[in-house]
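> give the three-dimensional model of this entry:
(one chain, ligands or ions: 1)
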Amino acid sequence: MSGTLYVVATPIGNLDDITFRAVRILREADIIACEDTRQTRKLLDHFEISCPLVSYHDHNERERAAQLLAELENGRSVAVVSDAGTPLIADPGYRIVKEARERGIPVSPIPGPSALPAALSASGLPTDAFVFGGFLAAKSGQRRKELEKWKDAAATLVFYETPHRICETLRDIAEILGERTVVIAREITKLHEEFLRGTPLELEAELSKRPAVKGEFVVMIDRRSAPGEFALGIEDAVAELTSRGVAKMDAVKQVARERGLSKHDVYQRLEGRLR
Ligand code: SAM
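Numbering: from 1, shown residues only. All right, here's what the predicted structure looks like:
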């Protein structure tokens, strides 16, 4: 009889977040497959777990999955963990889980921490529907295309982001998605946990004035307002952008795009105000 493949969630910062069941499964597993053996060894030492570790990451996934599936078919149990959080959520594990399922090997999740639900649950943004886009592209052109794709989704948008790209990403969000509420969750469950809320340009300004932008980030973006439900009028929306240093022409373009208007419409509104 085949062994079971356990997909085990581990803490995303605070070690107290591991579940009793995760500790038990990791103690009982014949093999633990992990991304970085040194990282997982620290976790196992903390909980006094000794179990053979094998590395399983993006670069050896194919060969390693074949070896681990053979072990499972020989009746051994395997626990997959990632460096933090839930495996397969923007982390390795997909290949082995898919192939185990195809071969009829039992796969069992051991649920626990993940940055996605942790961030969303405390964000104050609507949670009735959300889209998780994983990491946005590293290059701005591609990232903008991805944002464009989700523009009209009737859902909160959730992305993982790195500290060195967060400001650039916020600028792209401002440009493509416009004036929406954004919440950034940083360092969840850690000493410097914080949730920042504002428009994308407000948050960009807040992070840019810090001496260094550090930590791990989840970016959440409220859905597009229903037509006519913008927090600011057209004139104020343009004024807000220009007060942040956006050129008037770009501000007009952005406000027009957000509201499905032509630039001409926006200019007319602005001129009407002057008269
Ligand atoms: N599998 C993990 C999970 O379940 O959340 C995610 C792994 S992914 C490689 C790492 C990214 O997750 C980070 O760049 C960050 O965007 C997000 N993340 C992980 N831990 C976090 C934390 N404590 N606070 C905020 N974001 C976190």
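> show me what the one helix or strand residue 254 maps to is packed against.
Residue 254 belongs to helix 248-259 when assigned by DSSP states H and E. Helix 248-259 is packed against helix 166-177, helix 234-243, helix 263-274, with contacts defined by 3 or more C-beta pairs under 8 Å, 6 or more residues apart in numbering; DSSP states H and E. Where you see a C-beta, it was placed from the backbone N, CA and C, and this is true even at glycine.
> following element in sequence after the first one, please.
Right, helix 166-177. Next along from helix 166-177, by DSSP H and E: strand 182-186.
> circling back to that earlier point, with just CA atoms, put the helix holding residue 254 into CSV.
Provided in CSV are the C-alpha atoms of helix 248-259 (Å, rounded to 0.1, in the frame of the first residue of the first chain):
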residue,chain,number,x,y,z
LYS,A,248,-1.1,67.4,-15.3
MET,A,249,-1.3,65.6,-18.7
ASP,A,250,-0.6,62.2,-17.0
ALA,A,251,-3.1,62.9,-14.2
VAL,A,252,-5.8,63.7,-16.8
LYS,A,253,-5.0,60.5,-18.7
GLN,A,254,-5.1,58.4,-15.5
VAL,A,255,-8.4,59.9,-14.3
ALA,A,256,-9.9,59.5,-17.8
ARG,A,257,-8.8,55.8,-17.9
GLU,A,258,-10.1,55.0,-14.5
ARG,A,259,-13.6,56.4,-15.2
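> what angle do helix 263-274 and that helix make with each other?
110 degrees (axes from the mean of the first three to the mean of the last three C-alpha atoms, to 10 degrees).
> what's in contact with helix 248-259?
Applying C-beta atoms under 8 Å, 6 or more residues apart in numbering, the contact partners of helix 248-259 are 174-175, 177-179, 230, 234, 237-238, 241-242, 246, 261-263, 265-267, 270.
> who in the stretch 101-250 of the chain is up against the ligand?
Residues of the stretch 101-250 of the chain lying close to the ligand (C-beta under 6 Å from any ligand atom) are 114-116, 160-162, 185-190, 216-218.
> if you set the cut-off to 8 Å instead, what comes out?
113-116, 118-119, 135, 159-162, 185-190, 193, 215-218 (C-beta under 8 Å from any ligand atom).
> hang on, the earlier thing: need the helices and strands packed on helix 248-259 in CSV with mean neighbour count and mean pLDDT, can you?
Converted to CSV, the helices and strands packed on helix 248-259 look like this (neighbours: other C-beta atoms under 10 Å; pLDDT from 0 to 100):
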stretch, mean neighbour count, mean pLDDT
helix 166-177, 21, 96
helix 234-243, 18, 86
helix 263-274, 13, 80
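> including distance to residue 211, could those helices go into TSV?
Converted to TSV, the helices and strands packed on helix 248-259 look like this (distance: least, C-beta to C-beta, whole Å):
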stretch	distance to residue 211
helix 166-177	14
helix 234-243	24
helix 263-274	37
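> I'd say residue 31 and residue 78 touch.
Yes: using C-beta atoms under 8 Å, residue 31 makes contact with residue 78 at a distance of 4.9 Å.
> shared neighbours, those two?
Jointly contacting residue 31 and residue 78 under the rule C-beta under 8 Å, 6+ apart are 68, 71.
> okay, the two: which has more neighbours?
residue 78 (25 against 20; other C-beta atoms under 10 Å).
> residue contacts, that one?
Counted by C-beta under 8 Å, 6+ apart, residue 78 has contacts 3-6, 29-33, 68, 71-72.
> quick one, which of those are buried?
Taking 16 or more other C-beta atoms under 10 Å as the criterion, what is buried in these is 3-6, 29, 31-33, 68, 71-72.
> any figure for the gap between the residue nearest to the spatial centre of the chain and residue 144?
A centroid search over the chain (C-alpha atoms, centre = their mean) returns residue 160, at 2.5 Å, as the residue closest to the centre. As judged by C-beta to C-beta, to the nearest Å, residue 160 and residue 144 stand 18 Å apart.
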